Each structure stands twice: as C-alpha cells, then as structure tokens.
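Q: generate coordinates for the sequence data below:
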Amino acid sequence: MTALRRWLILVTLGIFFFMVIVDGSIVAIAIPTIAGSLSVPTGSANLIIAIYLVVISALLLPFGQIGDRWDRNQLFIIGTILFVVGSWLSGLGFHLSVVLLGRLIQAIGAGITMANSYALVTDTFEPQQLGRAFGIESIFISLGALAGPGIGGIILTHLSWHYLFWINIPIGIICILIELLVFPRKKVHASFKNYDWIGTLLLIIEATIFYIIGAQILTNFILSLILLVAFLFVGALFIQYEKRATEPLLKVSIFSNHTRRNYLLAAFYTFIVSYFFTLLAPLYLQIGLKFSSAFTGELLMVAPLIALVANPLAGFLVDQLNRTSIMKWGLLFLILSQVGLIISNGNHEPTIFILVSILLSIGTALFGTANNTLIMQSAELQERGLVGSLNSLAREFGMILGTTIASFTYYTSISMQTNKSIQSVLGQTLNVIIHGQRVVYIIGLLLFLLAGVAIYKSKEMIKNDAIKTKRSRRSSI
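A: All right, here's what the predicted structure looks like:
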C-alpha cells in the first residue's frame, strides 16, 4: 500500500470520526428549538440525544466482533452510508418519530465505524508509524469532542436546526467516494452461526438502564438507585454469560493482559473527566463571568486550536520516544489543568481559563496518543476489532458517565450551598457557580490520580514479569 493511500485512509477515518463525535453533542444546544418546532416537550426532544448515545454504546462490542470476522474496510463503508442516510432522515424533521428513526440509523452507522476505526488504523500503518497515525486521528477526536456545541451554535445562528444533521450529508458523500476508491478489499466469508445474540441483547439493556439513571438522577434519586442495582445485576449476568458463550462478544481473557487492562482503565478515567470541562466551562463563562456568547465561543475554541498542533506533535514523539513516559507526561499536564480549575476563583480571567485550556489540550494529546498506540499494539490481528471497540466503548461510556457525575455533583453541591433544590444555575452568583464546579473538578483530580495508579501498577507488573523471566532462565541453566 502506498504512503498516499495510507494517509488518505487515515484522513477519511478522521473526518468521519469527527462527524460522529460532533453529532453526540451538537444537538444538545438545539433541544429547545427542536422541541418548539416539533411541538413536543423538551423531555421528549431529549430522546434525540439519548437514542444516539445508547445505541452506539450498545453496538460497539458487537460490531467490533463482526469486524474481526469480516472485512473491516467494507463494514466501515456500510457504516458511513447508514450514517449519511440517518442524517438525511433526521434532518427532514416533520415529526419526532421521523427524527428518532433517523437518529437510530445514524447511531447504527456510527457504532459500526467507531467499533472498527482504531483497528483499521492499526491494520493500515506500520508499528513505527502508528504513533503519528493515532496523533492525526486524535486531532479529529479532540476537535469533535470540544467543538460540537460551538458548531451547533454557529449553525443555529444562520440556519434552521435541520442543518445540524444535513451538514453531514455532503461531507459523508465525499468520505464514501474516497472509501470506495482507496479502501482495500478482501474476500471474506463471515459466518454468523454462533453469533452472540444474547450478549448483544444484554448490552442493549445495560446501555438503556444506564442512560435512564443519568436522566433521572437529579429528579428521582430513589429510582436511580434501584436502576443502578439492576445495571450491576445485568452487568454481572453479561460477564457470566460471556464466560460460557461459544463465540462471546467480550472475550474475558482479553483482560488477562494486565498492562492492556490497566491502560484501558486509565483511558476510561480520563474520558470521564474530559466531559466535566465540556459541560461546565460554558456555564462558568456565560453565567458566572457574564461573557457574551460570541466571546465564550472564542474561548472554548482555544483547546481545539491547540489540539491541531499538539496531536501531530504527540504522534511524532510517541514514535520516537518511550511511549509510557509520554503517557505519564500527558497525565501530569491533565493533573495540572485540573488543579488550575480547582483553584480558579474568577479572578485574572480569561487568562487563567486560556492557560488551563492549553494544559488540558496538550495533556489530552500526549496521554491519548500514547495510550491508544500502546493499547492497539498489544492486540493480535484477530482481536484488533475487539480491542479497538473496547477503546471506543471506554470513550463513549466515559462520556455518558462523566456527564452524569458532573451534573449530579454540580447541582447537588450548589443545592447544599444555597439550602434549596437547584436544577438550573440561571441567576446564581459567581461564588456559588465556582463552588459547584470546584467540587466536580476535585472528583476529576481524584480520577486522574487513579489513572496514575493504574499506569504505575502496569509498570510494576512489567517489572515483576521481567524479574520472573530472569529467574526462570537462571533456574533452567
């Protein structure tokens, strides 16, 4: 495969990844507008977000397994087509049911592509180029995660909400054409005789329960606790079933690689925390500091702009230097950014916010690129789809869990501060807003420290394995 073809594949994967991730957050800003246009309550309109996140989370592992059985390249093309069709249908928007059907199709397409993206990059690039490849792809992931609300605001300012979905169509068609021209083809006869349908059903139930917990936790805490018990029960049932399944969705033995398991765990912790900033930063800037929407948008674009430089540089460093060391430095930058958010008191703004955004962006680039490379290089060819889908699942589940933790902690701490039930920060003072976000960011710091513990444990395991190997060699001599 020529170098040009490799990089065309990577850029196409990245552009599509960007669209998929943006579509997870871009709709949030338009819920009141969509609800008014369709004459439905905002609670019903929130299903447009829910169905997308739940279906993707439920289908990542199934499509990761299918990718290992079949041709990942062809599967990715099918996913792209479904995503474009779903975008067109969602944008028609003459009835909520039509929008939800479109979002369902969108989510299936997104699940197919996200489950196989990491594996496709690993298939396409040599090990010595993998860091740079993941660094480039991380640009699109970072931009998608951070720029969704900003892009949504720009579209709503100049166009109707329908274009939140229709903007995907021309970009998606270009991606499809490139995929048809440059993606390699393999003749693979996949068998679905022993496909794990029960495991897939249990995952769908898990994803649905978890979303309902997030939606109800502020208004019905008792129900959320009951559902949490159900979530843990179904999760335990899923693990036990997967241990006995003929061809399981999740090979539990994949976690016997302690280093990979701990690196996935560290990634999961960081994904949770990343959405704390995404959720709370606009509230701090607009409601707390009284900055205009336009200026807030400009400040929120600092991190994505830094990511444009930081991610490729991180990829180059990962290919040249010790990857574990790069990951540790990235985590250190993330910890420093969290400390900055905790001690921020509204003074010296927007300077402090900009500095924190820079630290956060550099840390994410260094940690994420090194972590992705280490995880995917640990996977054998026949398990790349599973490992890649687990990596994507860590991000998606982290996003949902991070949003739930941040919302619950933020509004609960504000309610305790004001001695009354608060579910909106409109009209609250800067001090109250800072108190609420500080509690959330302290939790974020603790999660980053847990990520550090996971990495340290991996180092100790590698060291112990090396010592055992030396001893066994000596005893055999």
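Q: is residue 349 in a helix, a strand, or coil?
A: Following DSSP: H, G, I helix; E, B strand; the rest coil, we place residue 349 in the coil state.
Q: ok, the closest residue to it other than its chain neighbours - contacts?
A: Nearest residue to residue 349 in three dimensions, chain neighbours excluded: residue 289, at 5.8 Å (CB to CB, 6 or more residues apart in numbering). Using the backbone N, CA and C atoms, a C-beta is placed for each residue, glycine as well. Residue 289 is in contact with 346, 349-350, 430, counting by CB atoms under 8 Å, 6 or more residues apart in numbering.
Q: could you flag which of these are buried?
A: Among these, the ones that count as buried by 16 or more other CB atoms under 10 Å are 349-350.
Q: of the contacts of residue 289, closest to residue 160?
A: Closest to residue 160 out of those is residue 350 (31.7 Å), distances taken as CB to CB.
Q: which helix or which strand is home to the spatially closest residue to the closest one that is not a sequence neighbour?
A: Among residues not flanking residue 350 along the chain, residue 299 sits closest, at 5.6 Å (CB to CB, 6+ apart). Using DSSP states H and E, residue 299 sits in helix 293-300.
Q: what mean pLDDT does that helix have?
A: Regarding helix 293-300, the rounded mean pLDDT is 77.
Q: helix or strand next in line after it, which one?
A: helix 302-320.
Q: quick check: the gap between residue 394 and residue 348.
A: 35 Å (CB to CB, to the nearest Å).
Q: these two: which has the busier surroundings?
A: Legend: neighbour count by other CB atoms under 10 Å for residue 394 and residue 348, higher for residue 394 (23 against 10).
Q: now that one: which helix or strand?
A: helix 384-418.
Q: ok, and the closest non-adjacent residue to residue 353?
A: Leaving aside its chain neighbours, residue 353 sits nearest to residue 299 (6.0 Å; criterion: CB to CB, 6+ apart).
Q: does the one you found really touch residue 286, like I thought?
A: No: here residue 299 does not reach residue 286: they are 10.1 Å apart, not a contact under CB atoms under 8 Å.
Q: who's more crowded, these two?
A: A direct count of neighbours by other CB under 10 Å for residue 299 and residue 286 places residue 299 higher, at 19 against 16.
Q: worst mean pLDDT across the helices and strands of this structure, which element?
A: helix 42-45 (a mean of 66; mean pLDDT, DSSP states H and E).
Q: need the CA coordinates for the helix or strand that comes right after it. PDB is fine.
A: Using DSSP H and E, the helix or strand that follows helix 42-45 in sequence is helix 47-69. Provided in PDB are the C-alpha atoms of helix 47-69 (Å, rounded to 0.1, in the frame of the first residue of the first chain):
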ATOM      1  CA  LEU A  47     -34.700  11.300  23.300                       C
ATOM      2  CA  ILE A  48     -32.900  12.600  20.200                       C
ATOM      3  CA  ILE A  49     -29.700  12.700  22.200                       C
ATOM      4  CA  ALA A  50     -30.500   9.500  24.200                       C
ATOM      5  CA  ILE A  51     -31.200   7.200  21.400                       C
ATOM      6  CA  TYR A  52     -27.900   8.100  19.700                       C
ATOM      7  CA  LEU A  53     -25.700   7.600  22.700                       C
ATOM      8  CA  VAL A  54     -27.500   4.400  23.900                       C
ATOM      9  CA  VAL A  55     -27.400   2.600  20.600                       C
ATOM     10  CA  ILE A  56     -23.700   3.500  19.900                       C
ATOM     11  CA  SER A  57     -22.700   2.200  23.400                       C
ATOM     12  CA  ALA A  58     -24.700  -1.000  22.900                       C
ATOM     13  CA  LEU A  59     -23.400  -1.800  19.500                       C
ATOM     14  CA  LEU A  60     -19.600  -1.100  19.800                       C
ATOM     15  CA  LEU A  61     -18.700  -4.600  21.000                       C
ATOM     16  CA  PRO A  62     -21.000  -6.400  18.600                       C
ATOM     17  CA  PHE A  63     -19.600  -4.600  15.600                       C
ATOM     18  CA  GLY A  64     -16.000  -5.000  16.900                       C
ATOM     19  CA  GLN A  65     -16.600  -8.700  16.800                       C
ATOM     20  CA  ILE A  66     -18.200  -8.600  13.300                       C
ATOM     21  CA  GLY A  67     -15.200  -6.600  12.100                       C
ATOM     22  CA  ASP A  68     -12.800  -9.300  13.300                       C
ATOM     23  CA  ARG A  69     -14.900 -11.900  11.400                       C
END
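Q: done for today, thanks.
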